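> Quick one, fold the following:
(2 chains)
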There are 2 protein chains.
Amino acid sequence: MLPVRLYTLRAVGACMLALAGAGHAAELPARATLAEVIAASPASAWRPLDPANTLYMELPGGRVVIELAPVFAPRHVANIRTLVRERYFDGLAVLRSQDNWVVQWGDPNEAQPKSLGTASATLPGEFTIPLRKDRHFTRLRERDVYAAQVGHSAGMPSARDPASKQAWLAHCYGMVGVGRDSGADSGNGSALYVVIGHGPRHLDRNITVVGRVVAGMALLSTVPRGPGPMGFFDQPGQHVPIAALTLAADVPAAARSALEVMRTDSATYQKAVEAQRNRGGPWTKVAAGHIDLCNAPIPVRTVAAGAGAP
Amino acid sequence: MLPVRLYTLRAVGACMLALAGAGHAAELPARATLAEVIAASPASAWRPLDPANTLYMELPGGRVVIELAPVFAPRHVANIRTLVRERYFDGLAVLRSQDNWVVQWGDPNEAQPKSLGTASATLPGEFTIPLRKDRHFTRLRERDVYAAQVGHSAGMPSARDPASKQAWLAHCYGMVGVGRDSGADSGNGSALYVVIGHGPRHLDRNITVVGRVVAGMALLSTVPRGPGPMGFFDQPGQHVPIAALTLAADVPAAARSALEVMRTDSATYQKAVEAQRNRGGPWTKVAAGHIDLCNAPIPVRTVAAGAGAP
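Numbers count the residues shown, from 1 in each chain, chains lettered A, B, ... in the order given. Below is the predicted model of the structure:
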């Protein structure tokens, strides 16, 4: 008695499809499922990842692919690019895993920290951006617990406050943020975390969010939780080593992960969201009629077999 | 550069404290943190788990403690008690782990399923209950994406719709549900799952929710994701064996997990929620002012050292 219908494509990293060639538009049934929306999606509904804004973190279990959002955190993204290109993260580790909260990576050696090279040691927090810089925002019709408006921008979940004329990326599952101490300007991108539980949206506008995990999320979400305070590991043996953290642009084309992300400003994406709001198929008895921002799917697909695809 | 302030007590299982003796009321500072609210909590703000409604699932890594909610699913809870007392789950396994979705356990042998003994093979779905049966509901002031009213009932996150006069448990992180096939009455409690990602509230009112993991959540959330469709394991070696799933009432007192849960209908709990809405401490720069139902903390504490505490 397996609940074979207890299934939906997920909002974030886990939503990984192998649909090479499924780029043709087809007729959609009424109450189409997300899988049907994706199968019928035109090629124009998808975008490739920009190698200059894509990170590959190589862990023992495989590759984590992170898309950066320079529109929302230009200085931090630039600093992370510098750290990555100077191989700062290579040989460092996942050093924290706190259940229903975050998995974090960086330099576990507090006593003798690794040099940041030419990267900045501190940066002003980039917690929000002026609304005018948040172009291509696609709003969800849903009301939200935390923000006046929510939707997607730069292909990621985001929120807006017309009153203060500010916009920001939302702390949803799979979003990547910059660890900091108490000072708003104490972060620099050398300590990064990914959200692994129910989106802690109450952290929005308190941390610089720099991107989103688009593949390999499970490599982070299943890291055994740390026994120390806040889920930090208290034994070096608990660390998950980072073999390398590189910019896709610096990786030979043949070794890149061939991924495409559904364009959140496409008509197809609106159908994908609707398929999540009011799920089709025989399993669903009561259609929700609404969807939480962090439950809105952002489909990712591999466009070529092999060739470094995770 | 570790973000030592990137921390909050979590809404569910992970929120495990060792505060034996912290039962004295104390003065609370303005903008008290959740830890301060808990430290100052009176003994009256806490309740022990009812052994007749508490399950212990013994996994290789330790014990998972599940509190049942008979008010919301009386027939399924009774059926699960029957299955447990007849040792149905002993020797079965965790057989599914789907990222940002659920971890599920039951009988992996579809070809020759284990006998349900005297338990019912099918039960009418208990997706909602009449509002009048939802006593002691404590409402959150927040608006919600999915329901007219949200708050806590039976110590768990719940929702209500005055229009249809129905109430139901909410699919938040750590909530336990009954797997079913397409038929609303195809579930019986022999296949159970726990939510391990962003709460899929769009499933509310479609599944019988029977309880909540109050301890040991990380033993389930870190199970390596299954490679098969929907995260099912495709090799027996991937299964996580369930040594035993017992009712606390059937376990010697000395071997029980000595846990207490904060009463969600207490004044202290309102302070705990407020501490999450508007976090104190030097780290927070912008107080959210609101909290998502699934991010409202439900503190759990151990009241005695050792003695089978997980």
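> From the chain's centroid, how far away is stretch A:284-297?
From the chain centre to the centre of stretch A:284-297 is a distance of 20 Å (C-alpha atoms, centre = their mean, to the nearest Å).
> how about it: buried residues?
A:Thr284, A:Val286, A:Ala288, A:His290, A:Ile291, A:Asp292, A:Leu293, A:Cys294, A:Asn295, A:Ala296, A:Pro297 (16 or more other C-beta atoms under 10 Å in any protein chain shown). (Each C-beta comes from the backbone N, C-alpha and C, glycine too.)
> Please apply the same query to stretch A:118-133.
Buried positions in stretch A:118-133, judged by neighbour count with 16+ other C-beta under 10 Å: A:Ala119, A:Ser120, A:Leu123, A:Gly125, A:Glu126, A:Phe127, A:Thr128, A:Ile129, A:Leu131.
> Intersect the residues you listed with the contacts of chain B.
Contacts with chain B are made by A:Gly125, A:Phe127 out of the buried residues of stretch A:118-133, judged by C-beta under 8 Å from any C-beta of the partner chain.
> Among the buried residues of stretch A:118-133, which one sits closest to B:Val261?
Of all these, the one sitting nearest B:Val261 is A:Phe127; the distance, using C-beta to C-beta, is 34.4 Å.
> Look up the closest residue to the closest one, ignoring the ones flanking it.
When the adjacent residues along the chain are set aside, A:Phe127 lies closest to A:Arg205, with 4.9 Å between them (C-beta to C-beta, 6 or more residues apart in numbering or on different chains).
> Counting neighbours, what do you get for the one you found?
For A:Arg205, the number of neighbouring residues by other C-beta atoms under 10 Å in any protein chain shown comes to 24.
> quick one: it and A:Asp134, what's the gap?
With distances defined as C-beta to C-beta, to the nearest Å, the gap from A:Arg205 to A:Asp134 amounts to 14 Å.
> rewinding a little: could you tell me which ones among the buried residues of stretch A:284-297 also sit near chain B?
Among the buried residues of stretch A:284-297, the residues that sit close to chain B (C-beta under 8 Å from any C-beta) are A:Thr284, A:Val286, A:Ala288, A:His290, A:Ile291, A:Asp292, A:Cys294, A:Asn295.
> Now the two most distant members of those residues.
Comparing all pairs in these by C-beta to C-beta, the longest separation belongs to A:Val286 and A:Cys294, at 20.6 Å.
> Tabulate the ones next to chain B among the buried residues of stretch A:284-297 (a markdown table), appending secondary structure, distance to B:Arg301 and pLDDT.
What follows is these, written out as a markdown table (DSSP: H, G, I helix; E, B strand; the rest coil; distance: C-beta to C-beta, whole Å; pLDDT from 0 to 100):
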| residue | secondary structure | distance to B:Arg301 | pLDDT |
| --- | --- | --- | --- |
| A:Thr284 | coil | 38 | 94 |
| A:Val286 | coil | 36 | 95 |
| A:Ala288 | coil | 34 | 96 |
| A:His290 | coil | 35 | 97 |
| A:Ile291 | coil | 35 | 97 |
| A:Asp292 | coil | 30 | 98 |
| A:Cys294 | helix | 29 | 98 |
| A:Asn295 | helix | 31 | 98 |
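> Low-confidence ranges, chain A, go.
Residues of chain A that meet the criterion pLDDT under 70 lie in A:1-26, A:304-310.
> So if we follow the domain assignment, how does it break up?
The record assigns chain A these domain ranges, following automatic domain parsing: A:5-48+A:257-302, A:51-255.
> all helices for chain A, in order.
Chain-ordered helices for chain A, with DSSP state H as the definition, fall at A:34-39, A:74-85, A:217-221, A:267-277.
> right, and those helices - which one's nearest A:Val103?
A:Val103 lies closest, by C-beta to C-beta, to one member of the helices of chain A: helix A:217-221, at 4.5 Å.
> Now do the buried residues in that closest one.
Buried residues in helix A:217-221 (16+ other C-beta under 10 Å): A:Met217, A:Ala218, A:Leu219, A:Leu220, A:Ser221.
> what does it rub up against?
The contact list for helix A:217-221 (C-beta atoms under 8 Å, 6 or more residues apart in numbering or on different chains) reads A:12-14, A:59, A:61-64, A:94, A:103, A:174, A:194, A:196, A:213, B:99-100, B:221-222, B:224-225.
> Same question for stretch A:63-71.
In contact with stretch A:63-71 (C-beta under 8 Å, 6+ apart) are residues A:49-50, A:53-57, A:77-78, A:80, A:129, A:133-135, A:153-156, A:169, A:176, A:209-217, A:219-220, A:257, A:259, A:261, A:308, A:310.
> Over to stretch A:256-268?
Outside of stretch A:256-268, the residues that reach it under the criterion C-beta under 8 Å, 6+ apart are A:37-38, A:41-42, A:44-49, A:51, A:56, A:63, A:65, A:67, A:136, A:138, A:151-153, A:155-156, A:214-215, A:248, A:269, A:272, A:298-304, A:307-310.
> could you flag which of those residues are buried?
Burial by neighbour count, judged by 16+ other C-beta under 10 Å, picks out A:37-38, A:41, A:45-46, A:49, A:56, A:63, A:65, A:67, A:138, A:151-153, A:155-156, A:214-215, A:248, A:269, A:272, A:298-303, A:308-310 from the contacts of stretch A:256-268.
> Which of those fall in strands?
With strands defined by DSSP state E, the entries of the buried ones among the contacts of stretch A:256-268 inside them are A:46, A:56, A:63, A:65, A:67, A:138, A:151-153, A:156, A:214-215, A:300-302.
> so which of those would you say is closest to chain B?
Lowest distance from chain B to these (C-beta to the nearest C-beta) belongs to A:Ala215, with 11.2 Å.
> didn't that closest one look like it was pressed against A:Ile298?
No. Taking C-beta atoms under 8 Å as the contact criterion, A:Ala215 and A:Ile298 are not neighbours in contact, 11.8 Å apart.
> list the contacts for the residue nearest the centre of chain A?
The geometric centre of chain A, computed from its C-alpha atoms, lies nearest to A:Arg212 (C-alpha atoms, centre = their mean), at 1.8 Å. With C-beta under 8 Å, 6+ apart as the criterion, the residues that contact A:Arg212 are A:Val12, A:Gly13, A:Ile66, A:Glu67, A:Ala69, A:Gly155, A:Met156, A:Gly174, A:Met175, A:Val176, A:Ile298.
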